[in-house]
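Can you look at this prediction? I've put the sequence above it.
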Amino acid sequence: MSRSGSLVNFSLWVNAFLVCFVLILALPKAEAWSKEGHVMTCRIAQALLEPHAAEVVRNLLPDYANGDLSALCTWPDQIRHWYRYQWSGSLHFIDTPDKACTYDYSRDCHDSHGLKGMCVAGAIHNYTTQLSNYKHGSSDRRHNMTEALLFLSHFMGDIHQPLHVGFTSDEGGNTIDLRWFKHKSNLHHVWDREIILTAASELYGKDIDLLQKDIQKNITHGTWSDDTSLWKDCDDLFSCPNKYAAESISLACKWGYKGVSQGATLSDKYFHSRMPIVTKRIAQGGVRLSMILNRVLGNHNQEIHVPA
Ligand SMILES: [Zn+2]
């Protein structure tokens, strides 16, 4: 083989590698709020941080994020297919028994091998504990605090997406193929992204920032302003994720799966009745993420019981 032939072969291999790499990065994010949902959740949370917690968050972010937590809130979705982070795949969701419409930590929070705690509620518990150690000044060298912040921020979004706590056999609606207006989609994706994009496009002139500002306005002095203290209510930081998961499967049954069958076409009626649920869950995710970060990274004297 000639030298130039080797070079051609080498460049083909490089190209093939790059194509594979791009394909891996572009794998469908089948089990996550869309980028938009996570960005909104994190922006809402960061705006509600108290000064000390806000400073700690800024210090934990890498320089290239420019102090913007939302810039890295989708990072756990980007790395979940990397070999090094494959263990994190089951941390984005919870599978519950078909039609049960309930969630039970000891029954449902495990990965496909049955390993306990390997679900989104267990992950929130774990990363809350790690960040608590940061506040207590013990430089916890076992854990990467930046990763803990990003995982916690992402999973607080995921646990509020109702179909992230869905039925086992349909993988949280992923295997329920349907049409969203005129294009092909699936029920999980409708809740991850389609409703958000349709809302932005139909009601906010395709400007997702306006949708987010509307959600924020309803938190501070609108529809939900009287509800936020109830949303934040949490006696035991480590068991509250179970409450959020139970809310999600309940909403998944009442609004997600209700009236939807394989091959259905969902359009205006479904969109208009479900959009308020999606925006409220994004608001709750953001408000509660700020509550957790203020408590574990803030400088008020509240002691946090850290389970062994
Ligand atoms: Zn996710």
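Alright, I've got the coordinates. Numbers count the residues shown, from 1 in each chain.

Stretch 173-181 and the ion in contact?
No: remark: stretch 173-181 sits outside contact range of the ion, by CB under 5 Å from the ion, the gap being at least 12.9 Å. Any C-beta I mention is one placed from the backbone N, CA and C, and that applies to glycine too.

can you tell me the distance between the two ends of that stretch?
Counting by CA to CA, to the nearest Å, you get 17 Å between the two ends of stretch 173-181.

How far off centre is that stretch?
Mean C-alpha position of stretch 173-181 versus that of the full chain (CA atoms, centre = their mean, to the nearest Å) differs by 20 Å.

pLDDT of it, averaged?
Taken as a whole, stretch 173-181 has an average pLDDT of 98.

Show me what counts as buried in that stretch.
Buried residues in stretch 173-181, counted by 16 or more other CB atoms under 10 Å: 173, 174, 176, 178, 180.

what's the most distant pair in those?
174 and 180 (14.1 Å; CB to CB).

Stretch 153-168 vs the ion: in contact?
Yes: contact of stretch 153-168 with the ion (CB under 5 Å from the ion) involves residue 158.

that older thread, could you dump the buried residues of stretch 173-181 to JSON lines with secondary structure?
As requested, those are exported to JSON lines (DSSP: H, G, I helix; E, B strand; the rest coil):
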{"residue": "173", "secondary structure": "coil"}
{"residue": "174", "secondary structure": "coil"}
{"residue": "176", "secondary structure": "coil"}
{"residue": "178", "secondary structure": "strand"}
{"residue": "180", "secondary structure": "strand"}
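
which among the residues you listed gets closest to the ion?
Closest approach between the buried residues of stretch 173-181 and the ion, by CB to the ion: residue 174, at 12.9 Å.

Disregarding flanking residues, what is the spatial nearest neighbour of the closest one?
Nearest non-adjacent residue to residue 174, counting by CB to CB, 6 or more residues apart in numbering: residue 188, 4.3 Å away.

Next: residue 261.
residue 176 (7.8 Å).

so that neighbour makes contact with residue 189?
No: contact criterion CB atoms under 8 Å: residue 176 and residue 189 do not qualify, at 9.8 Å.

Could you tell me which residues touch both of those two?
When contacts are counted by CB atoms under 8 Å, 6 or more residues apart in numbering, the set common to residue 176 and residue 189 is empty.

And the strands in the stretch 101-250 of the chain?
165-167, 177-180, 183-186 (DSSP state E, counting those that start in this stretch).

Can you check which of these gets nearest to residue 216?
Closest approach to residue 216 among the strands of the stretch 101-250 of the chain (CB to CB): strand 165-167, 25.1 Å.

List the pairing partners of the closest one within its sheet, with orientation.
When pairing is defined by DSSP bridges, strand 165-167 lines up against strand 94-96 (parallel).

Contacts (any at all) between the ion and the strand it pairs with?
No: Strand 94-96 is not in contact with the ion by CB under 5 Å from the ion; minimum separation 11.9 Å.

neighbouring contacts of that strand?
Here strand 94-96 has contacts from 102-103, 108-109, 119-121, 164-168, 171-172, 245, 249, using CB under 8 Å, 6+ apart.

In the stretch 151-300 of the chain, what residue lies closest to the ion?
Closest to the ion within the stretch 151-300 of the chain is residue 158: 4.3 Å, counting by CB to the ion.

residues in contact with residue 206?
By CB under 8 Å, 6+ apart, the residues touching residue 206 are residue 200.

mind checking the backbone torsions on it?
phi 60, psi 10 (degrees, to the nearest 10).

any idea how far it is from residue 197?
Here the criterion is CB to CB, to the nearest Å. By it, residue 206 lies 9 Å from residue 197.
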